[in-house]
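>>> Model the following, please.
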Amino acid sequence: MAQRRWLVTGGLGFIGSAFVRLVLRERDDVAVTVLDALTYAGNPANVAEVAGDPRYRFVQGDIADAVRVDEAVGDGVDAIVNFAAETHVDRSILDPEAFIRTDVLGTHVLLEAVRRHGIARYLQVSTDEVYGHVESGVSTEADPVCPRSPYAASKAGGDLQVLAYHTTYETPVLITRGSNTYGPYQYPEKLIPLFVTNLLEGEQVPVYGDGLQVRDWLHVDDHARGIAHVLEHGTPGHVYNLGGGNSRTNIELTRELIRLTGRSFDESVRYVTDRPGHDRRYALDATKARSLGWFPRVDFANGLADTVAWYRAREDWWRPIKSGAFRDYYRRQYALR
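The predicted structure is shown next:
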């Protein structure tokens, strides 16, 4: 069997590492090179279970560095899957320039590498946040992007470059836009791992505003499967929404996390000033991806309970992260709220 070779950028992050683990576990004919800058969210422990696989290779580098990208491509890859991004809305409000460099310039560098090396497929991993606030109904791939945060704008900028390269140069590109993702190995600045680890430590959780913001939740394994499926079966030049179909308000989700960790609501919740420009609701129509043959497999209630159990069992993973620089960020982000 001929071996396929995939370059996975940002492969030590949350969704990227789930993708790497999935591919090396389920596709014997694929070799993976991970290119990761090892920023605060890139963690080699996320791929420890597959790092000894002879089909796995790691290159440290920034996707905005064309030389390092060429080194990661090496003597050829069949596809690039771009997970590398600055991803947290709150951090984008504090430091928007970093998001433009990685999410916009970095995407440009990768697209040029695809052209230069004649790579057969490029998949851009994007987000439902590019559609902006969805007052009612659901976002389809035909809807215009309407980003409302520096993070969402940087991701939309990358998406628009990707589609422009397909139109102008016939670059073989694909885009997936996923809903809010949860599961093991998620850096604890995001809602679910932050709240779970705070609750396990006996601390309060910071709920923005009235907590009635609505998000659709997708398990990270389902997200990774969707990306792999679109990479192998999608039509170049197309966008595919990957929605979980599990809409919850933040306060509903908070109540469930409190129940799963055995805490009480009144002692655990601290309402804080809402995020500037906070989108009220996201919702994705994933009909197009489902027609391609993908659908979520993980039941939300079971997936959430398993996620809480994972963080309970893996203090060795998250406690070192929540010390040092994370504590400084947490105080800066929430102290004045």
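
>>> okay, CA-based contacts and neighbour counts for the rest of this
Will do.

>>> Please name the bridge partners of the closest residue to Ala289 other than its chain neighbours.
The shortest distance from Ala289 to any non-neighbouring residue, by C-alpha to C-alpha, 6 or more residues apart in numbering, is to Tyr240 (5.6 Å). Here Tyr240 sits in beta bridges with Thr176, as judged by DSSP bridges.

>>> Which stretches in the chain count as strands?
4-9, 30-36, 56-60, 79-82, 121-127, 173-178, 180-182, 205-208, 214-219, 238-242, 247-249, 269-272 (DSSP state E).

>>> tell me the pLDDT at Phe326?
The model reports Phe326 with a pLDDT of 88.

>>> got it, and His238?
On the pLDDT scale, His238 gets 98.

>>> Repeat that for the one 10 residues further on.
For Arg248, the model assigns a pLDDT of 97.

>>> Who does it form a beta bridge with?
Arg215.

>>> how many other residues sit next to it?
With neighbours defined by other C-alpha atoms under 10 Å, the count for Arg248 comes to 16.

>>> Quick one: residues contacting it.
Neighbouring residues of Arg248 by C-alpha atoms under 8 Å, 6 or more residues apart in numbering: Val214, Arg215, Asp216, Trp217.

>>> can you check Pro147 too?
Applying C-alpha under 8 Å, 6+ apart to Pro147 gives the contacts Glu129, Val130, Tyr131, Gly132, Ala153, Ala156.

>>> Quick check: Asn82 vs Ser136, distance?
For Asn82, the distance to Ser136 equals 30 Å [C-alpha to C-alpha, to the nearest Å].

>>> out of those two, which sits in the more crowded spot?
A direct count of neighbours by other C-alpha under 10 Å for Asn82 and Ser136 places Asn82 higher, at 24 against 9.

>>> circling back to that earlier point, what's the closest of the contacts of Pro147 to Glu256?
Closest to Glu256 out of the contacts of Pro147 is Glu129 (23.9 Å), distances taken as C-alpha to C-alpha.

>>> And the closest residue to Ser247 other than its chain neighbours, how far from Asn180?
Nearest non-adjacent residue to Ser247, counting by C-alpha to C-alpha, 6+ apart: Asp216, 4.1 Å away. Note on Asp216: its distance to Asn180, by C-alpha to C-alpha, is 6 Å.

>>> Over to Val32?
25 Å.

>>> centre of the chain versus stretch 42-52, how much separation?
Between the mean C-alpha location of stretch 42-52 and the chain-wide mean there is a distance of 17 Å, by C-alpha atoms, centre = their mean, to the nearest Å.

>>> Ok, stretch 296-316 next?
17 Å.

>>> Just the buried positions in that stretch, please.
Residues Pro296, Phe300, Gly303, Leu304, Thr307, Val308, Tyr311 are the ones in stretch 296-316 that count as buried (16 or more other C-alpha atoms under 10 Å).

>>> Let me have those in a markdown table, extended by distance to Asn43 and pLDDT.
Listed next are the buried residues of stretch 296-316 as a markdown table, based on distance: C-alpha to C-alpha, whole Å; pLDDT from 0 to 100:
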| residue | distance to Asn43 | pLDDT |
| --- | --- | --- |
| Pro296 | 26 | 98 |
| Phe300 | 26 | 98 |
| Gly303 | 22 | 98 |
| Leu304 | 22 | 98 |
| Thr307 | 18 | 98 |
| Val308 | 20 | 98 |
| Tyr311 | 16 | 98 |
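
>>> and the residue nearest to Ala289, what is it in contact with?
By C-alpha under 8 Å, 6+ apart, the neighbours of Tyr240 are Glu141, Leu174, Ile175, Thr176, Arg177, Val230, Ala286, Lys288, Ala289.

>>> Can you say which two of these are spatially most distant?
Of all pairs in the contacts of Tyr240, the most separated under C-alpha to C-alpha is Leu174 and Ala286 at 15.2 Å.

>>> the inter-axis angle of the top helix by length along the chain versus strand 173-178?
Looking across the chain with DSSP state H, the single longest helix is helix 150-169. Taking axes from the mean of the first three to the mean of the last three C-alpha atoms, to 10 degrees, one finds helix 150-169 and strand 173-178 inclined to each other by 160 degrees.
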